[in-house]
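A.B. asks: next one to model:
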Amino acid sequence: MRDPLAKQVVGLAPSGIRKFFDLVAEMPDAISLGVGEPDFDTPWHIRDEGIYSLEKGRTFYTSNSGLMELRKEICNYLKRRVGVEYEPAKEVLITVGGSEAIDLALRAMINPGEGEEVLIPQPSYVSYEPCSILAGAKPVIIELKAENEFRLTAKELEDAITDKTKILVLPFPNNPTGAVMEKSDLEAIAPIIEKHDLFVISDEIYSELTYGREHVSIASLPGMKERTILINGFSKAYAMTGWRLGYACGPARILEQMTKIHQFAIMCAPTTSQYAAVEALKNGDPDVAEMREAYNQRRRYLMHSFKEMGLPCFEPFGAFYVFPSIKHLGMTSEEFATELLKEEQVAVVPGTAFGACGEGFLRISYAYSLENLKIAMERIGRFLEKRKNS
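C.D. replies: Below is the predicted model of the structure:
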């Protein structure tokens, strides 16, 4: 019998995060700080709108591109929040989460077999590299550095570009580091993107979760909108992970091809979720502000705790993750995470789950109650004391 499996799929490594999820499931007393999911429930007024849409019998397919009402609200939101204007009929696509939008953008823009390259700054979200491979691109990794607060510098970008480079993935605010790119950082790389005629996939799913500063989209800079696919969604800001709803905005020519793939593979995003998302965009700003403040309180608590226990960590200003360094302990990230779970029943994610340059770091999520974070910090502190005294 011939091999039924596709080599490019078999060759992909499974997510490095999943191992620790599975282990925690077998430990009823364990505290997991590994999940990148809000611990808040979706606000009631958003849930009510979803329930109401079902009661009204709105169980039909929507347009492939999504409800026009939702696309209009997304355009209103982006104009209000990041100062970028889009045409709802041609420049917005509603997707099944932000992850589908990433996949669609890559597949719509990459020509398999031509050696086209996608630049991926790492550490970063686990899907960019495999999705690039599945789209037929060659992923090229840019290793971000702690001394630069894990921001992408102009020199790092310039050094990575070849005549085959086509797309830059811009994953900020960043998962797993919590790093942000401020306006000056984006202004430094924008001329390089233009000079080399690159396109940008800007994953801005954590755009509402920035602390002490406003999020800036690269699409808002002169000359960047026409070469940027802006990706966002409702999972993180509105605590709507299970609703599976995201969106992509960008040049009509690219969005048309993304919509074609979406049409054949998915048809449309969930109708109930789309009606709920309209309500989120219209009336959800206070909910976002309340959750952001809670995350910020937890962020400050973790930074204080790390300082007290002598665990080096740059201060992150985005998302809901911290990325402390354990290099001084002489352990790999995998060893630290495995032994911490075994000895103290606290789950964290090795930095290597997000790229090889994550070695020596851990991703710790603060999308958990302050009470659980305090218990976890006590256990981590005890774990570190044992290592100091051994």
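
A.B. asks: so which residues of the protein form strands?
C.D. replies: 31-32, 92-95, 117-122, 138-143, 165-170, 199-203, 228-233, 246-249, 321-322, 346-347, 349-350, 362-365 (DSSP state E).

A.B. asks: parallel or antiparallel, which strands does the fourth one pair with?
C.D. replies: Meaning strand 138-143. Paired strands of strand 138-143, with direction, are strand 117-122 (parallel) (DSSP bridges).

A.B. asks: got the angle between the strand it pairs with and strand 199-203?
C.D. replies: 30 degrees (axes from the mean of the first three to the mean of the last three CA atoms, to 10 degrees).

A.B. asks: ok, and what's touching strand 117-122?
C.D. replies: 106, 110, 128-129, 132, 137-144, 152, 156-157, 160-162, 164-171, 198, 354-358 (CB atoms under 8 Å, 6 or more residues apart in numbering). Every residue, glycine included, has its C-beta placed from N, CA and C.

A.B. asks: one more pass at 6 Å, please.
C.D. replies: Here strand 117-122 makes contact (CB atoms under 6 Å, 6 or more residues apart in numbering) with 128-129, 132, 137-142, 144, 152, 160, 164-165, 167-169, 355, 357.

A.B. asks: let's see that strand as CSV, backbone CA atoms only.
C.D. replies: Only the C-alpha atoms of strand 117-122 are listed here, as CSV (Å, rounded to 0.1, in the frame of the first residue of the first chain):
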residue,chain,number,x,y,z
GLU,A,117,10.4,33.2,2.0
VAL,A,118,8.4,34.2,5.0
LEU,A,119,10.3,36.1,7.7
ILE,A,120,9.1,35.0,11.2
PRO,A,121,10.5,36.8,14.3
GLN,A,122,10.8,34.3,17.2
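
A.B. asks: how far out from the middle of the chain is that strand?
C.D. replies: Centroid separation for strand 117-122 versus its chain: 15 Å, with CA atoms, centre = their mean, to the nearest Å.

A.B. asks: likewise stretch 205-217?
C.D. replies: So, by CA atoms, centre = their mean, the centroid of stretch 205-217 is 12 Å from its chain's centroid.

A.B. asks: ok, stretch 38-51 next?
C.D. replies: On CA atoms, centre = their mean, the centre of stretch 38-51 falls 21 Å from that of its chain.

A.B. asks: and stretch 180-194, by the same measure?
C.D. replies: Using CA atoms, centre = their mean, the offset of stretch 180-194 from its chain centre is 19 Å.

A.B. asks: quick check: buried residues in that stretch?
C.D. replies: Using 16 or more other CB atoms under 10 Å as the test for burial, stretch 180-194 gives 180, 181, 182, 185, 186, 187, 188, 189, 190, 193.

A.B. asks: farthest-apart pair in those, please.
C.D. replies: Farthest pair in the buried residues of stretch 180-194 (CB to CB) is 180 and 193. Separation: 18.3 Å.

A.B. asks: list the buried residues in the worst-scoring helix or strand of the chain on mean pLDDT.
C.D. replies: Using mean pLDDT, DSSP states H and E, helix 18-25 stands out as the lowest-scoring helix or strand of the chain, at a mean of 72. Neighbour counts over helix 18-25 (16+ other CB under 10 Å) mark 19, 20, 23, 24 as buried.

A.B. asks: in JSON lines, list those along with distance to residue 349.
C.D. replies: Listed next are the buried residues of helix 18-25 as JSON lines, based on distance: CB to CB, whole Å:
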{"residue": "19", "distance to residue 349": "9"}
{"residue": "20", "distance to residue 349": "6"}
{"residue": "23", "distance to residue 349": "12"}
{"residue": "24", "distance to residue 349": "11"}
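
A.B. asks: please identify which of these is nearest to residue 329.
C.D. replies: residue 20 (18.5 Å).

A.B. asks: measure that closest one to residue 128 for me?
C.D. replies: For residue 20, the distance to residue 128 equals 20 Å [CB to CB, to the nearest Å].

A.B. asks: residue 165 now?
C.D. replies: 15 Å.

A.B. asks: looking at these two, which has the bigger crowd around it?
C.D. replies: residue 128 (24 against 19; other CB atoms under 10 Å).

A.B. asks: that one and residue 169 touch, don't they?
C.D. replies: Yes: with contact defined as CB atoms under 6 Å, residue 128 reaches residue 169; the gap is 5.1 Å.

A.B. asks: for residue 48, report the pLDDT, please.
C.D. replies: Residue 48 is assigned a predicted lDDT (pLDDT) of 98.

A.B. asks: name the nearest residue to it, ignoring sequence neighbours.
C.D. replies: residue 279 (7.8 Å; CB to CB, 6 or more residues apart in numbering).
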